[in-house]
Structures are given as structure tokens and as C-alpha cells.
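In: Predicted coordinates and the sequence they were generated for:
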Amino acid sequence: MVFSGRGNPDLSAKIAEKLEFPLGRVMLKTFADGEIYCWFEDSIRGADVFIVQSTCRPVNENLMELLIMTQAARLASARRITAVMPWFGYSRQDKKSRPREPITAKLVADLLQAAGANRVLTMDLHAGQLQGFFDMPCDHMTAVPMLAEYFHMKDLGETVVVAPDAGAVKLAKRFADRLGTSIAMMSKLRPAHNVSRVLGVIGDVKDKTAIIVDDIIDTAGTICNGAEALMENGAKAVYTAVTHPVLSDPAYDRVADSALKELVVTDTIPLRVDRQRDKFTVLSTAEILADTIRNVYMNESVSALFQGENQLF
């Protein structure tokens, strides 16, 4: 049985359509003081329950809702509970960069287990070590083959895949291998949270179409500044492929005013309807998620869906 939280109902509906059966009925309400109430309207005793919830904006409310739904399912005697988190919130706080900081990615993993989750399904985690934070199975899916296929079909001529920083080089290499192109890298300085400065471009981008690839776009500072730097270094056009469109303000305005020709994202996080989205293209992850849910339910291989290419970058 598959149930949806309120974090990304459109994606949940598409997953149910791919699975060819309706979403389970669940009542979710928010009281006047902000507390969340959950009631499963269908019996789930002995069922294999999948709860689809991206912990996107508002992050804390969606995370709390997922925990409450998970505990409600546990108390209702569900046989197994899988938290399907296309976007795993707090994933960027995965280490202590300085003393007296939390490791909130580990905290969220512990909360999910305490609430009663038996398994987690997620997509394109920010860092490889996150999978080790769970004391339960964690199935990792990836949108990279789908994103790469989109650009392969566009036939952009001579291209170069660009990593926005050193941490994204492995991802860029995998992306470039699929397209049969070379890679380049941007040199970036991050003086504060959500602040970045592109210092230069390492690699040959002159007279080529550049594709910047990353797992997350948040305030869009790095990608928009990088697009400008790539154009200054002779690139013909700049595209971007990103799995998770966090897009905190002023990201939409930056993208609209930037040198980017197209920003390709997935629907792990819903785009905001009150913002300019002319340069956006959204690819759905519903089929990937539905196939993974089906394989987990049937106790079949998840990595087989990706020909073994769903390892972390």
C-alpha cells in the first residue's frame, strides 16, 4: 500500500499511476497551533506500507509529518514501513565542519528509525557517507541516466560537462561518460553558508556547449555565476542538469536573469507556481520510484534497474 504525505502530492499521484493502483486513503490535518494529525482511513494491518514524502519546503513540517505517519503505521500493525524520500532534507549537514555543530543528517536517520521505519528509499544523496548513517536498509536511486539521456536526445553538438566544484567531479565524470564528452571544473570559494564565488574554470570550454551538473541547486549563486564564467571563457551556450531543485530565494530571479539557456531538474521537489520558470524543464522521477517500490515489494534487485549505476557519487 502506498500513501502520500503533503510534501509532493503530484509526484505521489504519478507514482500510483505508474504502479496502476490508487494511493491509500490517509487523513492529514494541521491544528491551529501547528501540530499535525494523521489517520489511515484504510486498514493497513499486515501490509507492506510505502510512505512517499519529500522533506522539502516547509522542511520541518514535512519531516514531522513523515515521522508521524510512520509511527501511526507502526501502531496500526503494518508489516513493513518504507519511507520513500525523493529528497532527503538536512542531507547537506553530514559532518562537523567546526566544533559545536550538529550532524543533522544522522539525526534525521535516527528519527526515522525511532518512528518505526524499516527501510528508506531516496534519490541522489548529497554525499556517500549518508547511507552509512542508517541502521536499516537504504536504497539509493539516481536520476543521472534520465538526465543524461535528455541531453543526448537534444544533440547539442560538441559539449563539455562541467563540475561546479571538486566534490561534483565524480558525478560530472559519470555524466560525461554517458554523453561521450570531456569534463571541466569550476574553481569555487564559499565564504559563508549559501554564498559562493566562482574563481575560474579549469578545462577547455571554448566553442563548446557546457552542461553544468550537480545534485542540488539551492540559491543558484554557484550555477549562475558559473554560467557567466563559462561564457566569458568562450562557451557557446550553458545548460544545467540538477536532480533536486531546492531553489531558495532569490534562485528563481537569478536563473531568469542569468546566462543559462536551460535548467533541467526533476520533480523530487515541486517547483513554486508563483515564480518565473521560463528556463526550467522538469523531468519526472515517477517511473524510477515506482519501479523501485515494485522491486522492493517483490524482494527483487534495485540496482538491476540502473544496471548497477545507482552507487553514490
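Out: Sure, I can see it.
In: Output the longest helix seen in the chain as PDB - backbone C-alpha positions only.
Out: Counting residues, the longest helix in the chain under DSSP state H turns out to be helix 59-75. In PDB, the C-alpha atoms belonging to helix 59-75 read as follows (Å, rounded to 0.1, in the frame of the first residue of the first chain):
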ATOM      1  CA  VAL A  59      11.200  21.200   5.700                       C
ATOM      2  CA  ASN A  60      10.400  20.800   9.400                       C
ATOM      3  CA  GLU A  61       6.700  20.400   8.900                       C
ATOM      4  CA  ASN A  62       7.100  17.800   6.100                       C
ATOM      5  CA  LEU A  63       9.700  15.900   8.100                       C
ATOM      6  CA  MET A  64       7.500  15.800  11.200                       C
ATOM      7  CA  GLU A  65       4.600  14.700   9.100                       C
ATOM      8  CA  LEU A  66       6.600  11.800   7.700                       C
ATOM      9  CA  LEU A  67       7.600  10.800  11.300                       C
ATOM     10  CA  ILE A  68       4.000  10.900  12.500                       C
ATOM     11  CA  MET A  69       2.700   8.900   9.500                       C
ATOM     12  CA  THR A  70       5.500   6.300  10.100                       C
ATOM     13  CA  GLN A  71       4.600   6.000  13.800                       C
ATOM     14  CA  ALA A  72       0.900   5.800  13.000                       C
ATOM     15  CA  ALA A  73       1.600   3.000  10.500                       C
ATOM     16  CA  ARG A  74       3.700   1.100  13.100                       C
ATOM     17  CA  LEU A  75       0.900   1.400  15.700                       C
END
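In: Same question for it: list its buried residues.
Out: Within helix 59-75, the residues scored as buried using 16 or more other CB atoms under 10 Å are 61-74. For every residue, glycine as well, the C-beta is placed using N, CA and C.
In: before we move on, what about stretch 287-294?
Out: Buried residues in stretch 287-294, defined by neighbour count with 16+ other CB under 10 Å: Ile288, Leu289, Ala290, Asp291, Thr292, Ile293.
In: can you give me the offset of it from its chain's centre?
Out: Here the centre of stretch 287-294 is set off from its chain's centre by 15 Å, with CA atoms, centre = their mean, to the nearest Å.
In: Likewise for stretch 115-124?
Out: Averaging C-alpha positions (CA atoms, centre = their mean) puts stretch 115-124 14 Å from its chain's average.
In: Could you give me the buried positions within that stretch?
Out: So, applying 16+ other CB under 10 Å, buried residues of stretch 115-124: Ala115, Gly116, Ala117, Asn118, Arg119, Val120, Leu121, Thr122, Met123, Asp124.
In: Filter the residues you listed down to the ones in strands?
Out: Arg119, Val120, Leu121, Thr122, Met123 (DSSP state E).
In: As a markdown table, those with distance to Gln53 would be great.
Out: Shown next, in a markdown table, are these (distance: CB to CB, whole Å):
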| residue | distance to Gln53 |
| --- | --- |
| Arg119 | 14 |
| Val120 | 11 |
| Leu121 | 11 |
| Thr122 | 11 |
| Met123 | 13 |
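In: can you give me the strands for the stretch 201-313 of the chain?
Out: For the stretch 201-313 of the chain, applying DSSP state E, counting those that start in this stretch gives strands covering 209-217, 237-245, 262-266, 280-283.
In: could I get stretch 234-248 in CSV with only the CA atoms?
Out: Provided in CSV are the C-alpha atoms of stretch 234-248 (Å, rounded to 0.1, in the frame of the first residue of the first chain):
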residue,chain,number,x,y,z
GLY,A,234,34.3,31.0,-24.8
ALA,A,235,31.4,28.6,-24.2
LYS,A,236,28.7,28.8,-26.9
ALA,A,237,25.8,28.1,-24.5
VAL,A,238,25.3,26.9,-21.0
TYR,A,239,22.8,24.3,-19.8
THR,A,240,22.4,22.9,-16.3
ALA,A,241,21.2,19.4,-15.1
VAL,A,242,20.3,19.1,-11.4
THR,A,243,18.3,16.4,-9.6
HIS,A,244,16.9,18.4,-6.6
PRO,A,245,15.6,21.9,-7.2
VAL,A,246,15.6,23.3,-3.7
LEU,A,247,15.6,26.9,-5.2
SER,A,248,15.6,29.1,-2.1
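In: for the stretch 51-200 of the chain, which spans come out with low pLDDT?
Out: For the stretch 51-200 of the chain, residues meeting the criterion pLDDT under 70 lie at 189-197.
In: Distance check, Thr122 against Met141.
Out: For Thr122, the distance to Met141 equals 7 Å [CB to CB, to the nearest Å].
In: re earlier: with distance to Ser303 and mean neighbour count as extra columns, can I get the strands of the stretch 201-313 of the chain in JSON lines?
Out: As requested, those are arranged in JSON lines below (distance: least, CB to CB, whole Å; neighbours: other CB atoms under 10 Å):
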{"stretch": "strand 209-217", "distance to Ser303": "19", "mean neighbour count": "25"}
{"stretch": "strand 237-245", "distance to Ser303": "18", "mean neighbour count": "25"}
{"stretch": "strand 262-266", "distance to Ser303": "20", "mean neighbour count": "23"}
{"stretch": "strand 280-283", "distance to Ser303": "21", "mean neighbour count": "15"}
